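>>> quick check, what structure comes out for this input:
(chains A, B, C and D)
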Number of protein chains: 2
Amino acid sequence: MSPQTARAEDSDKRQAILSAALELFVERGYYGTAVPAVADRAGVGAGTIYRYFKSKEDLVNALYRQCKNLLAMHVLVGIAPQAPPREQFHQLWSRLADFFRKNQQIFSFLELHHHVSYLDDESRAMEQRVLDLATSFVARLQAAKVVKPISADVIMAIVYWSFVGLGRYAQEGRLILSDENLAAAEQCVWEAIRY
Amino acid sequence: MSPQTARAEDSDKRQAILSAALELFVERGYYGTAVPAVADRAGVGAGTIYRYFKSKEDLVNALYRQCKNLLAMHVLVGIAPQAPPREQFHQLWSRLADFFRKNQQIFSFLELHHHVSYLDDESRAMEQRVLDLATSFVARLQAAKVVKPISADVIMAIVYWSFVGLGRYAQEGRLILSDENLAAAEQCVWEAIRY
DNA sequence: GCTACCGGAATGAATATTCATTCCTATCCC
DNA sequence: GGGATAGGAATGAATATTCATTCCGGTAGC
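From the prediction side, this is the model:
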């Protein structure tokens, strides 16, 4: 058995609770999900949740931060900065697609729900950091004159939310996120932003 | 007083309830909003709501359909089909922006919340009709070889959800939906989809 | 005064959270 | 090693709150 088995952050139960909460929040939203239902799906007693999280709100914030961090790490960290710009964009797009395929629930929890009314300061701060990271990525490409010299936030909205829209339509069954569709969309979005 | 004052569809109280529900659903979502809170904000008794709507679910569906219809009418109906394609696209984009400016709450109710768990068949059918209308608009431009010959749903996701992203960032205060930003985004998105 | 509508307290179901109890495991004494 | 024991972890029934919906007494228009 590993030492310090009791570190709260990676306890099995804690993670089981987070996973169960993710599933249910995706299906019915935060307010639509009862805490005992989370406990049931996680296979723990209702009281156990409160050993790991101060409250339902604390739980949703912990989940939000874990998911946001996972997405940011997966998509933004480690894109080769010396690669040709088009290739950097391709990497970005592929990572988004890859993350979506592997973590549909996380993606839809993060982007298809409105979280403003229960996110705490720490969660908002983390969101800010992630957006700042993305902004600096865009700014670098703009400085190299390969992306249009308009507001970086406009660029980000177009790139990221185009993808969110694709993901949403895919989840609704309106389209298939095939390689073909993904490649076509990638080329469209690239043409949207290139200088 | 107008004849047939009792027609349910356009009673003042009914509309007050719908408006109050819109505000609260935008702030806290459907499950996060208590029916008596809607009554308070509408300035009516809690019981009165049930004179106009069978249930909370009936209320949210009526609201959804009214909003979706308003958006579709405002954005899609009456774009001059004989105008040059770039001009048609400009009209579409301007109408989106105009609708957003005048009806931020409606826009954010429709697009920033996850409605799947409580929408009824009629609401889903209306959504389908609106999407079909949009698809046929895209298909017409594709047939004229002015828009890329890829899946119409991919085109729609890029155009519409880019705008949704802009709206969201604007609401979060990350950017201002100035004429300048709107025009820049419009040009980007046009370049994304043009053949 | 009669009718139609309205308000908002009342109701019962559902919910988040607590807490008394049980269970498990690691330690210690023999 | 084995049995006793302590202490943290887990439980789920109980509690206090909140909610959707109902219902009945009031009231405005005729």
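
>>> can I get the lengthiest helix in chain A in PDB? Just the C-alpha atoms.
If you go by DSSP state H, chain A has its longest helix at helix A:121-143. These are the backbone C-alpha positions of helix A:121-143, laid out as PDB (Å, rounded to 0.1, in the frame of the first residue of the first chain):
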ATOM      1  CA  ASP A 121     -13.900  33.400  -6.100                       C
ATOM      2  CA  GLU A 122     -11.300  30.700  -6.500                       C
ATOM      3  CA  SER A 123     -13.100  29.100  -9.400                       C
ATOM      4  CA  ARG A 124     -13.500  32.400 -11.100                       C
ATOM      5  CA  ALA A 125      -9.800  33.200 -10.600                       C
ATOM      6  CA  MET A 126      -8.900  29.800 -12.200                       C
ATOM      7  CA  GLU A 127     -11.100  30.600 -15.200                       C
ATOM      8  CA  GLN A 128      -9.400  33.900 -15.500                       C
ATOM      9  CA  ARG A 129      -5.900  32.300 -15.500                       C
ATOM     10  CA  VAL A 130      -7.000  29.900 -18.200                       C
ATOM     11  CA  LEU A 131      -8.400  32.600 -20.400                       C
ATOM     12  CA  ASP A 132      -5.200  34.700 -19.900                       C
ATOM     13  CA  LEU A 133      -3.100  31.700 -21.000                       C
ATOM     14  CA  ALA A 134      -5.200  31.500 -24.100                       C
ATOM     15  CA  THR A 135      -5.000  35.200 -24.700                       C
ATOM     16  CA  SER A 136      -1.200  35.100 -24.600                       C
ATOM     17  CA  PHE A 137      -1.200  32.300 -27.100                       C
ATOM     18  CA  VAL A 138      -3.300  34.300 -29.500                       C
ATOM     19  CA  ALA A 139      -1.300  37.500 -28.900                       C
ATOM     20  CA  ARG A 140       1.900  35.600 -29.800                       C
ATOM     21  CA  LEU A 141       0.400  34.600 -33.200                       C
ATOM     22  CA  GLN A 142      -0.800  38.200 -33.700                       C
ATOM     23  CA  ALA A 143       2.600  39.600 -32.900                       C
END
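
>>> what is it packed up against?
helix A:56-76, helix A:85-102, helix A:152-171 (3 or more CB pairs under 8 Å, 6 or more residues apart in numbering or on different chains; DSSP states H and E). From N, CA and C alone the C-beta is placed, and that goes for glycine too.

>>> assign a three-state SS to A:Lys54, would you?
Secondary structure, DSSP: H, G, I helix; E, B strand; the rest coil: A:Lys54 is coil.

>>> near DNA strand C, which residues of chain A show up?
Listed as neighbours of DNA strand C in chain A under the rule CB under 7 Å from any atom of the strand: A:Met1, A:Thr33, A:Ala34, A:Val35, A:Pro36, A:Ala37, A:Ala46, A:Gly47, A:Tyr50, A:Ser55, A:Lys56, A:Glu57.

>>> now, which of those lie close to DNA strand D?
Near DNA strand D, by the rule CB under 7 Å from any atom of the strand, you find A:Ala46, A:Gly47, A:Tyr50 out of the residues of chain A next to DNA strand C.

>>> tell me, how many residues neighbour the first one?
Right, A:Ala46. 14 (other CB atoms under 10 Å in any protein chain shown).
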